[in-house]
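J.: Pasting the sequence and the predicted coordinates here, then a few questions.
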Amino acid sequence: MDTIASLFSFITWPVSWVIVQFHKLYGAIFGPDTGWAWGLSIVSLVVLIRICLIPLFVKQIKSTRNMQVLQPKMKAIQERYKSDKQRQSEEMMKLYKETGTNPLSSCLPILAQSPFFFALYHVLSAIASNKKIGVIDQSLLDSARQAHIFGAPLAAKFMDSAEKVEALGASLTDVRVVTAVMIVMMSASQFFTQRQLMTKNVDLTVKTPYMQQQKMLMYIFPLIFAVMGINFPVGVLVYWLTTNVWTMGQQMYVINQNPTPGSKAQEQYLGRLLKSVTSHGEVKGRTRRNTVKRIVAKGPDRNDIERKFVTGLAKLGLAPQEDGTVAKSDTAVAEAEGGAAQRRQQPKRQTKAKRQTTAGHPGGAKDAEAGAGESESKTSLQKSAPQDDKPKPAGKPASGSSRQAKSGQRKGPQRPKHPSKK
């Protein structure tokens, strides 16, 4: 770690200068030798760096969403050119160029922070070794070595020996308890940040290998930081815990205000937006109007969540406009009521005889109804047919309804035989 940190020694001077300026401010409030003055100086350094990295964070969000959208196309290219790796790479680069997507954009904030992270590590290591570095002279060095955060020196590590910790004016137990708690908090914040991204801000309609990779990173990154954390000074743990909390809060804001289309977060966001329109009768806020504008621009390409939102507006008698506002629309009400009535309409229930006839004849319900009508007409003809006046022999059962019909014959009264056929 010290070798890697020395590679970024060129940036230790500006990092140490920023820390010293913040230390002057907080030292006047809490005292120059306190852990609050030095700890808040490191926290302020993180906030300053992250504010400067907001444009890169916006690019990271756009790149991540573009990568999610492109996953099905990328998978198709891999399957089509699986035997030609060179052609596969060329088609991938062509796809990135056409869509304006940069795969490295998702890593830009981490890459941009790395020099400051290692420079801070280099500064704190020098403080632990009692060496002047950057703009930190001997008086500031002595002050930093006396600064303790919850009983742990700023430059102490979890793996330091008892003699080294005692030289910094602390006990090994205090150092290990404080560093262990901070490592757990650092790993937990990293896990929660990634989990929040996977459970709320991912398009659930697209199942791709990219989602599986992100799910694996959700468990791998916290483990990596937990293992590396035992070699970080307390000041570096403060730095990394602060940047994790900042990332978590920044991502929570983005998820609530600009969620990924098709995600659970978008469903919740549009639900809140619909309630707001219901209460005020208009779309309030430029961000919300931009959201409605994007939904209108999609037209028939809207996802199910966006179509549900437009239907909810129609039930209120409102229609979204191209400028992001909503306007009264009687047509929208009629379409919404017509669609609801069509969904509520249920087919009429058939009688048991019709269902049995339909099951026996593949022709359907119409044939069954026609057959029933024909049966009724035949029965009426049978009733109106002339009866034979000759008396029937006694003891012989009638050939009509009293005799049971054979298999395959229709039940009920039968047509009497002609006298010549007796």
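T.: Thanks, I have the structure now.
J.: Which helix or which strand is home to residue 228?
T.: Assigned by DSSP states H and E, residue 228 belongs to helix 209-229.
J.: mind checking how far that helix is from the chain centre?
T.: Remark: helix 209-229 is offset 17 Å from the chain centroid, using Cα atoms, centre = their mean, to the nearest Å.
J.: How about whatever helix or strand comes next after it, which residues are buried there?
T.: Once helix 209-229 ends, the next helix or strand along the chain (criterion: DSSP H and E) is helix 234-257. Buried positions in helix 234-257, judged by neighbour count with 16 or more other Cβ atoms under 10 Å: 234-248, 250-252, 254-255. Every C-beta, even on glycine, is put in place using the N, C-alpha and C of the backbone.
J.: Show me what the helix or strand just after helix 234-257 packs onto, helices and strands only.
T.: As assigned by DSSP H and E, the chain's next helix or strand after helix 234-257 is helix 264-280. Counting contacts by 3 or more Cβ pairs under 8 Å, 6 or more residues apart in numbering; DSSP states H and E, helix 264-280 packs against helix 172-200, helix 234-257, helix 286-298, helix 304-315.
J.: right, and these - which one's nearest residue 133?
T.: Among the helices and strands packed on helix 264-280, helix 234-257 comes nearest to residue 133, with 13.0 Å by Cβ to Cβ.
J.: For that closest one, name the packing helices and strands.
T.: helix 35-52, helix 108-128, helix 172-200, helix 209-229, helix 264-280.
J.: Just the mean pLDDT for the first one, thanks.
T.: Right, helix 35-52. Helix 35-52 shows a mean pLDDT of 91.
J.: and what of the third one?
T.: Taken as a whole, helix 172-200 has a mean pLDDT of 89.
J.: again, but for stretch 238-246
T.: On average, stretch 238-246 scores 90.
J.: rewinding a little: okay if I get the helices and strands packed on helix 264-280 as TSV plus distance to residue 13?
T.: Converted to TSV, the helices and strands packed on helix 264-280 look like this (distance: least, Cβ to Cβ, whole Å):
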stretch	distance to residue 13
helix 172-200	27
helix 234-257	17
helix 286-298	40
helix 304-315	51
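J.: circling back: now the helices and strands packed on helix 234-257 as TSV including distance to residue 89 and mean neighbour count?
T.: Shown next, in TSV, are the helices and strands packed on helix 234-257 (distance: least, Cβ to Cβ, whole Å; neighbours: other Cβ atoms under 10 Å):
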stretch	distance to residue 89	mean neighbour count
helix 35-52	34	19
helix 108-128	22	20
helix 172-200	28	18
helix 209-229	17	15
helix 264-280	33	16
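J.: Dump the ones you listed to JSON lines, plus distance to residue 298.
T.: Below are the helices and strands packed on helix 234-257 laid out as JSON lines (distance: least, Cβ to Cβ, whole Å):
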{"stretch": "helix 35-52", "distance to residue 298": "33"}
{"stretch": "helix 108-128", "distance to residue 298": "28"}
{"stretch": "helix 172-200", "distance to residue 298": "21"}
{"stretch": "helix 209-229", "distance to residue 298": "23"}
{"stretch": "helix 264-280", "distance to residue 298": "13"}
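J.: what residue ranges in the chain score low on pLDDT?
T.: 1-9, 65, 68-69, 71, 103-107, 202-214, 330-422 (pLDDT under 70).
J.: what do you get if the cut-off is 50, keeping everything else the same?
T.: Counting by pLDDT under 50, the chain contains low-confidence residues at 336, 339-344, 364-366, 368-408, 422.
J.: Residue 149 is nearest to which of the helices and strands packed on helix 234-257?
T.: helix 35-52 (4.2 Å).
J.: Compute the inter-axis angle for whatever helix or strand comes next after the closest one and helix 234-257.
T.: Beyond helix 35-52 in the direction of the C-terminus, DSSP H and E gives the next helix or strand as helix 54-80. Taking axes from the mean of the first three to the mean of the last three Cα atoms, to 10 degrees, helix 54-80 and helix 234-257 form an angle of 70 degrees between their directions.
J.: which residues touch the closest residue to residue 293 other than its chain neighbours?
T.: In this structure, residue 293 finds its nearest non-sequential neighbour in residue 324, 3.9 Å apart by Cβ to Cβ, 6 or more residues apart in numbering. The contact partners of residue 324, taken as Cβ atoms under 8 Å, 6 or more residues apart in numbering, are 283, 288, 289, 290, 291, 292, 293, 296.
J.: And residue 324, how far from residue 312?
T.: Look at residue 324 and residue 312: by Cβ to Cβ, to the nearest Å, they are 16 Å apart.
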